[in-house]
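Undergrad: just the structure for this:
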Amino acid sequence: MDDVEPLVPQGPAEERSPNSHCTRCPISSQSPGDSKVVEDFRRRLKYFFMNPCEKYRARGRKPWKLMLQILKIAIITFQLVSFGLSNEMMVTFKEENLMVFKHLFLKEYKDQRVDRYAVYTKTDVYGHIYYVIDRFINLQNLTVGNHAYEKIEGEYTPLTLCQEFFRKGSISPGNDTFDIDPHVDKECISVYPLEPLENKTLSRDINFSLDFKRLLSVNIYLTLKAINLQTVRHHELPDCYAFSIIIMFDNRAHSGRIKINLENNVGINECKDWNVASTSGKNNHLLLFDSFVILACFTSLILCTRSVYKGSQLQFHYTAFFHTYFGKTVPWSERMEFVNGWYILIIVSDTLTIAGSALKIGIQTKILILALRAAIPNVIRFSCCAGLIYLGYCFCGWIVLGPYHEKFRTLDKVTECLFSLINGDDLYSTFQKMREKRYMVWLFSRLYLYSFLSLFIYMVLSLFIALITDTYETIKQHQKDRVLVSQLKAFVAECRDQPDSGKYKMDKEPTCCCYCFG
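TA: Coordinates of the predicted model:
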C-alpha cells in the first residue's frame, strides 16, 4: 500500500470496465489480499444500492419496508376517506343549522343575500327584536330539530339583548348642528326562556328602549344545543354541538337602513352520557384500526431511521476506504448518494402523522423523460405518479378547504373543480368565493391553489405532452452521449456478481472500517 494506485487507468481502452464512456473508472489490479478486501467492499456497496427485489434475490431478504409502505398507503387512505366523510357530515350539519336559525329567528326571512336583509322603520326594529325573543321563548314548540336551551348547573342560559350607543348626542340635521360624545356605552338585559311576553308590553316587560339618533348597534346573543345524529348511520358516535348565535342590527352608518345579520359560532364536544344500541363493538373496531395506523407509522419510522443510519455509516466507510486505497477525497455529491431522500420524507411524514404519505412515489421529470423507452408505458407510469399527486391535492382541498368553500364541500366536487382549474375554467370565481373569515385559511387557500395551478398547468401537462411526442428520445440520446459516471458508480460497476449468484449471502457487514487501514 506504499504506492497508491491511480483512479484513472493508464492502459488501453479495452482494459477498462464496460463503462467505456467513463473517464474516472478505478483500476482493478490489486494485490491478492487487497483485491479480496476491495471486491468484498465493492460487493457490499452494490448490495446497498440494490432495489428491494434484487436484495431478495441476493440474500433472500424480504422487502419489509416496501410492503409496510404499501400497507401504510392503503390504511392511511382509508383513514383519510373516513375522516373526510366525518368532516363532511359535520360541515353539512353546521351549514344546515345556520340556515335553520336564519329562518327561525329572522322575521320574514327568505333565502337571499345577507346584505339585502334590513329594516327601515322604528316599528320594524322593535318588531324584529320582539320576534327573536318570542321565537327563543317558544323554541321547543317551533323547531323540528333536536334543539334545546343550554343549561349550566341546572340554570338555563338566557338570551342577552345589548345595545351600543354614543354616550351623549344631540343631532339636528335641519340646522346643520350636532353635539356628540364619541365614547361608546353598552347596556344589556337578559331574557330567560319559558317567560312569555306580550308585544304591546314589550318596553315594560323587558325595560328596553332605543335612541336611534345615538344608536350604533343592537346585538342579541343566545346559545342553543343540538346533537348530530346523522353520524350514527356511519357507525360513529354523535357529537354534541353548542351554537352561539349572534343577531346584529347594524346602525353604524346612520343612513336610515339598519342591516340585520346572523352569525353562528359552533362548539363541538363529546356528549356526556350516551347509549347507542349495538355500536360498542364497531366503535372498538374503529379504535383498534386507529391504533393499528399508529403502530404501522411507528414501525415505518424505526425501519427508515435505521436505514438512514446504516447508509450514513456506509458513507463514512466508503470515504475512509477511498482515502486509504486510492488517496482520493470523495466529494459531497457522491457522499450524499448514500442518503436516501425518500427515507427522510417518510420519517418526516411518520413523525408529523401526515396523511400525505400516500404520495411517497414522487415524480422526477428528468428520470421519466430519459429512462422510459416506449410511449405507452411512459404515459401509464407518468399518469400514475401525476394521479397520486392529484389525489393528494383532492384530499387536502376536501378536508382543509371544505368548510370554507362550496366547491370543496364534497370529494367529487373537489375533483371536478381541480380538473376545471387545470383547463383554465372558473379561476377567478374560485379565488373570489373563498371566505376570508380567518387569515390563515385565506393564506392557505392561496398557496394551495397557486401551487396546484403552477404544478399541473406548467409542469405536469407539459411533461405529459413531451412523453407523447418523440422529444424525449432526442433528449435521452443527447444525455447518454455526454453522461459522466461518478467514481462511486464506476467503482461499484466493476462488480460482476449478479444478485442471484449466492456471493452476497457469504458477506458479513463489518461494524467498523478498521480493515481499510490494515
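Undergrad: now for Lys213: which residues touch it?
TA: Gly169, Ile171, His254 (C-beta atoms under 8 Å, 6 or more residues apart in numbering). Glycine gets a C-beta too; all of them are placed from N, C-alpha and C.
Undergrad: go through the residues you listed and name the one nearest Arg57.
TA: His254 (83.8 Å; C-beta to C-beta).
Undergrad: list phi and psi for that closest one.
TA: With angles defined as degrees, to the nearest 10, His254 sits at phi 50, psi 40.
Undergrad: so Lys107 is in contact with Gly127, correct?
TA: Yes - Lys107 lies in contact with Gly127 (C-beta atoms under 8 Å); the separation is 6.8 Å.
Undergrad: pull the CA atoms of stretch 101-115 into PDB?
TA: Listed next in PDB are the C-alpha coordinates belonging to stretch 101-115 (Å, rounded to 0.1, in the frame of the first residue of the first chain):
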ATOM      1  CA  PHE A 101     -81.600  29.700  12.600                       C
ATOM      2  CA  LYS A 102     -82.000  32.400   9.900                       C
ATOM      3  CA  HIS A 103     -85.500  31.100   9.100                       C
ATOM      4  CA  LEU A 104     -86.300  30.600  12.700                       C
ATOM      5  CA  PHE A 105     -85.200  33.900  14.200                       C
ATOM      6  CA  LEU A 106     -85.200  36.400  11.300                       C
ATOM      7  CA  LYS A 107     -88.700  37.700  10.600                       C
ATOM      8  CA  GLU A 108     -89.900  37.100   7.000                       C
ATOM      9  CA  TYR A 109     -86.500  35.900   6.000                       C
ATOM     10  CA  LYS A 110     -86.100  34.400   2.500                       C
ATOM     11  CA  ASP A 111     -83.100  32.700   1.000                       C
ATOM     12  CA  GLN A 112     -81.300  35.800  -0.200                       C
ATOM     13  CA  ARG A 113     -78.100  37.700   0.200                       C
ATOM     14  CA  VAL A 114     -77.400  38.700   3.800                       C
ATOM     15  CA  ASP A 115     -76.500  42.300   2.900                       C
END
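Undergrad: list the buried residues in that stretch.
TA: By 16 or more other C-beta atoms under 10 Å, the buried positions in stretch 101-115 come out as Phe101, Lys102, Leu104, Phe105, Leu106, Lys107.
Undergrad: just these: which are in helices?
TA: Phe101, Lys102, Leu104, Phe105 (DSSP state H).
Undergrad: and which of the residues you listed is nearest to Thr415?
TA: Once C-beta to C-beta is applied, the member of those that ends up nearest Thr415 is Lys102, at 30.8 Å.
Undergrad: that closest one: what's it in contact with?
TA: When contacts are counted by C-beta under 8 Å, 6+ apart, Lys102 touches Tyr109, Leu262.
Undergrad: which one of the buried residues of stretch 101-115 is nearest to Ala74?
TA: Phe101 (41.4 Å).
Undergrad: my read is that the closest one contacts Asn264, right?
TA: Yes - at 6.2 Å, Phe101 counts as touching Asn264 under the criterion of C-beta under 8 Å.
Undergrad: from Glu187, how far out is Leu210?
TA: Here Leu210 is placed at a distance of 10 Å from Glu187 (C-beta to C-beta, to the nearest Å).
Undergrad: looking at these two, which has the bigger crowd around it?
TA: Taking neighbours as other C-beta atoms under 10 Å, Leu210 and Glu187 compare with Leu210 leading, 17 against 11.
Undergrad: would you map the strands across the protein?
TA: 118-119, 148-149, 151-152, 155-156, 159-172, 177-191, 215-227, 239-250, 258-270 (DSSP state E).
Undergrad: go through these and name the closest to Gln313.
TA: strand 258-270 (48.0 Å).
Undergrad: now the closest one against strand 239-250, angle please.
TA: Counting by axes from the mean of the first three to the mean of the last three C-alpha atoms, to 10 degrees, strand 258-270 points 160 degrees away from the direction of strand 239-250.
Undergrad: can you list the contacts of Lys213 in CSV and add distance to Glu95, pLDDT and neighbour count?
TA: Shown next, in CSV, are the contacts of Lys213 (distance: C-beta to C-beta, whole Å; pLDDT from 0 to 100; neighbours: other C-beta atoms under 10 Å):
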residue, distance to Glu95, pLDDT, neighbour count
Gly169, 40, 73, 15
Ile171, 41, 74, 14
His254, 33, 84, 13
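Undergrad: got a markdown table for those residues, with distance to Val144 too?
TA: Formatted as a markdown table, the contacts of Lys213 follow (distance: C-beta to C-beta, whole Å):
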| residue | distance to Val144 |
| --- | --- |
| Gly169 | 44 |
| Ile171 | 46 |
| His254 | 39 |
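Undergrad: give me the low-pLDDT residue ranges for the stretch 301-450 of the chain?
TA: For the stretch 301-450 of the chain, residues meeting the criterion pLDDT under 70 lie at 325-326, 330-331, 352-383, 424-438.
Undergrad: can we see that at 50?
TA: For the stretch 301-450 of the chain, applying pLDDT under 50 flags the ranges 354-375.
Undergrad: and for the chain?
TA: 1-30, 32-33, 199-200, 202, 281, 354-375, 471, 510-518.
Undergrad: so who does Phe249 touch?
TA: Contacts of Phe249 by C-beta under 8 Å, 6+ apart are Val119, Val125, His128, Ile129, Ser217, Val218, Asn219, Ile258, Lys259, Ile260.
Undergrad: how much space between the residue nearest to it when sequence neighbours are not counted and Leu443?
TA: Of all residues not flanking Phe249 in the chain, Val218 sits nearest, at 3.9 Å (C-beta to C-beta, 6 or more residues apart in numbering). Val218 sits 34 Å away from Leu443, going by C-beta to C-beta.
Undergrad: okay, these two: which has more neighbours?
TA: Val218 (22 against 10).
Undergrad: could you check how far the more buried one is from Tyr149?
TA: 22 Å.
Undergrad: likewise for Ile245?
TA: 12 Å.
Undergrad: joint contacts of the two?
TA: Common neighbours of Ile245 and Tyr149 (C-beta under 8 Å, 6+ apart) are Thr223, Leu224.
Undergrad: who's more crowded, those two?
TA: Using other C-beta under 10 Å as the criterion, Ile245 and Tyr149 rank with Ile245 on top: 23 against 19.
Undergrad: surely the more buried one meets Glu263?
TA: Yes - counting by C-beta under 8 Å, Ile245 touches Glu263, with 7.4 Å between them.
Undergrad: helices or strands up against the longest helix along the chain?
TA: The residue-count maximum for a helix in the chain (DSSP H) belongs to helix 280-325. Secondary-structure packing of helix 280-325 (3 or more C-beta pairs under 8 Å, 6 or more residues apart in numbering; DSSP states H and E): helix 32-48, helix 64-105, helix 332-335, helix 341-352, helix 487-493.
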